[in-house]
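**Q** Just the structure for this:
(chains A and B, ligands or ions: 2)
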Amino acid sequence: MDSDPGPLPPGDGPSNPNANPRPDPEPKPQEYTEEGRLSSLTLEDSGNAAGARAAASNGSLSADFYSGDEIEEEEPAAASDSVDEVQRAAGEARASSSHGGVAWRGNLEEDGDAPPSPSSSGYAGERGSSGESGIEEDDASVSWRKRKKHFFVLSHSGKPIYSRYGDEHKLAGFSATLQAIISFVENSGDRIKFVRAGNHQVAFLVKGPIYLVCISCTEEPYGALRGQLELIYGQMLLILTKSVNRCFEKNPKFDMTTLLGGTDAVFSSLIHSFGWNPATFLHAYTCLPLAYATRLAAAAILQDVADSGVLFAILMCKHKVVSLVGAQKASLHPDDMLLLANFILSSESFRTSESFSPICLPRYNAMAFLYAYVHFLDEDTYLILLTTSSDAFYHLKDCRIRIEAVLVKSNVLCEAQRSMVDGGLCVEDLPVDSSIRSGSLSPHLGLDKTAVGSLSSRLGTGGPAGLWHFIYKSVYLDQYVSSEFSAPINNSNQQKRLYRAYQKLYASMHDKGTGPNKTQFRRDENYVLLCWITQDFELYAAFDPLADKV
Amino acid sequence: MATFGNNNLSAKLVLLGDMGAGKSSLVLRFVKGQFLEFQESTIGAAFFSQTLAVSDATVKFEIWDTAGQERYHSLAPMYYRGAAAAIIVYDITSTDSFERAKKWVQELQKQGNPNMVTALAGNKCDLEDKRKVTTEEARAYAEENGLFFMETSAKTAINVNDLFYEIARRLPRAQPAQQPAGMVLADRPVDRSRASACCS
Ligand SMILES: Nc1nc2c(ncn2[C@@H]2O[C@H](COP(=O)(O)OP(=O)(O)OP(=O)(O)O)[C@@H](O)[C@H]2O)c(=O)[nH]1
Ligand SMILES: [Mg+2]
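**A** Ligands and ions are numbered 1, 2, ... in the order given. The predicted structure follows:
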């Protein structure tokens, strides 16, 4: 168990990769007064600082993290399941004298990226926020135990709030176990962050009265899992705002599932995007490739409405931004955009007609609702107008009518559709002789693909110098471009594997404990990975494993 | 508020009721003639408009289909404020949804516009074998509270158009906005709605 080294006595923790929880001479009973708990669980954003420290201490775990690069290897039928491991971890945490040698084996094998199945009644709204599939599962079922990556959210009193798999109401016992582990550590003034159990990792995130837990055997670094838990928490805030904490202040046993009714699809789609959307770990957004003049036309009309009292005007095509304009001084965090787009795209409700809904942007203001006017202009393209005023609907509707007229007239919608069909950059289209420099991979929009393509000469597979795929992020713009996937990375499992490899790079490059990394090469049986980070950009690239260092 | 001009009325109409009662289904049936077996829960509120011709006027409804999910309850005033009409929907197979409907009636009586035309719709009347709320009980409640009552089915379309048509007929006409229109409600015979209740 690797816990926050801050309050630990020196000499315990960071230096030991298998750091045990602080041995507690006298296992305390799990009772406590609610008042006492509440005071220790007040909203604290010191979580970030603590996280940084944990990252530092995790540096010493890297040998363990990076030992195996095959991420989703199936173990032969092994003794116990992940959940037993956690339950055992509870025991260990209480009675821990030495458990360094205990090898916990698990066998979570189904990675639940299958599309969610409709609930038996067909009405998604009627249950709480039960997970994405396997509605009949609970912690006793084999299928539930074999899942590769579980996410749980529970309250500080142990009440289930969300579970990716199974009905969270049936997981009350399991939730109580997680709560016991977390509060055991919290009560000793410490904070639990991470448990490694055989080939399973358990990552914890405590946000005031809300506890988030991920149990996985995907070998993703702690930093990546914690980032995912942060996004799940952010998604909850987007729906409810941070004022939900007040419900727990009034009643510690408050059941939050009722407040999340009908939002299953939102969370399962977010969790799914951890495997395919690099925005989830890059903290940047990506734009739809468009000709400069086309984007300018869109930006001009959006700017026009922003000047009329709209806080943010965002035109998007699926997950890609066409244009984005904010009122003076207002800036939109890429994570908020990710969560907003995920919320809209995963809720069928927005497609039926115009809608006007309260929405919170956690990075903008976690305490308050904004009001979002959302309208789909076609199958993929939608307009979001955000305002602070709850009576602005008719004004926003008028704005939308004006915007839509201009977009149609200046062909923006057709161009956007065409760009969706054409896709983004292809590594095959890169000019052979240009070295990879920021200039040649401009994130600025309207990069003319055909012009680049005409310079290229196609190699067998992949791009020049065995380049298979790349992501380029402009730090200043908060934007990234990534190449389309092409052979030999052409199915979603391979894509997910590559993203997880990038995530590891990202985590190790941003690990504050390891100093200012500039470049990193990593070679395994799948690819040669290059990561290059400067103040201005970050470049991630995957090459043919037989390629030489460029 | 209903506004009047050249025999054209524009009226804001709000649908309220428990989640899953069938508010969106009723609106979609009325506006698009569709019914979806897997209708998704509404987020916030969705806006629709639809025009209806009644004998003496054309009524343009601006419809707010609100979300029944609990987290949106406190935001409901934002949608019913200034509405000329309201449809409070419950599901005849759920007593909880009927209780919830009563709460909405109370809230509107307290907060809403006193001239508001208010309808109580017992939806899903195609599910007679699963019925939990009797027609008599609901009708008695509606009469006590000055609502007009219909049982509807968004699935089979029974009484859906009639519901909206009846609201259009009851909207106050060409009157200064301040003038009470409660009489308009009163001068419509209650047996009219009785006659149009299905499954009874
Ligand atoms: N059998 C039957 N089913 C219906 C009827 N109306 C709606 N449903 C079903 O009931 C479910 C809920 O309907 P919705 O229209 O989404 O309910 P709602 O009141 O809008 O729910 P929220 O948006 O969550 O507040 C859907 O699965 C519909 O198919 C009906 O008249 N008969
Ligand atoms: Mg609805």
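
**Q** A:Val305 belongs to a helix?
**A** Yes - under DSSP: H, G, I helix; E, B strand; the rest coil, A:Val305 sits within a helix.

**Q** Quick check: it touching A:Ile401?
**A** No - with contacts defined as Cβ atoms under 8 Å, A:Val305 does not count as touching A:Ile401, sitting 10.6 Å away. Just so you know, the C-beta spots here come from the backbone N, C-alpha and C atoms, and that holds for glycine as well.

**Q** Look at these two and report which has more neighbours.
**A** Counted by other Cβ atoms under 10 Å in any protein chain shown, A:Val305 and A:Ile401 do not tie: A:Val305 has more neighbours, with 21 against 10.

**Q** measure B:Gly146 to B:Asn159 for me?
**A** Distance, B:Gly146 to B:Asn159, using Cβ to Cβ, to the nearest Å: 20 Å.

**Q** And the strands in chain B?
**A** Taking DSSP state E, the strands of chain B run over residues B:3-5, B:8-17, B:45-54, B:57-66, B:85-91, B:117-123, B:148-151.

**Q** pLDDT weak spots in chain B?
**A** B:1-6, B:112, B:174-200 (pLDDT under 70).

**Q** what residue is smack in the middle of it?
**A** B:Ile87 (1.6 Å; Cα atoms, centre = their mean).

**Q** Relative to ligand 1, which residue of the stretch 251-400 of chain A is the closest?
**A** Across the stretch 251-400 of chain A, no residue is closer to ligand 1 than A:Gly262, which sits at 5.9 Å (Cβ to the nearest ligand atom).

**Q** Test my guess that B:Asp50 contacts B:Phe61.
**A** Wrong residue type there; residue B:50 is Gln, not Asp. Yes - here B:Gln50 reaches B:Phe61: they are 5.2 Å apart, a contact under Cβ under 8 Å.

**Q** Next one: A:Leu396 relative to A:Ser482, how far apart?
**A** Taking Cβ to Cβ as the measure, A:Leu396 and A:Ser482 are separated by 32 Å.

**Q** Among those two, which residue is more densely surrounded?
**A** More neighbours surround A:Leu396 than the other of A:Leu396 and A:Ser482, with 27 against 20 (other Cβ under 10 Å).

**Q** Please list all residues in contact with the spatially closest residue to the more buried one that is not a sequence neighbour.
**A** Among residues not flanking A:Leu396 along the chain, A:Tyr373 sits closest, at 3.8 Å (Cβ to Cβ, 6 or more residues apart in numbering or on different chains). Neighbour list for A:Tyr373: A:354-356, A:383-387, A:392-393, A:396-397, A:399-400 [criterion: Cβ atoms under 8 Å, 6 or more residues apart in numbering or on different chains].

**Q** Quick check: neighbours shared by B:Gln50 and B:Phe61?
**A** B:Phe164.

**Q** So those two - more neighbours on which side?
**A** Using other Cβ under 10 Å as the criterion, B:Gln50 and B:Phe61 rank with B:Phe61 on top: 24 against 15.

**Q** Name whatever forms a beta bridge with the more buried one.
**A** B:Ala11, B:Gln50 (DSSP bridges).

**Q** Surely the residue nearest to the centre of chain B and B:Val27 touch.
**A** No - using Cβ under 8 Å, B:Ile87 is not in contact with B:Val27; the gap is 9.1 Å.
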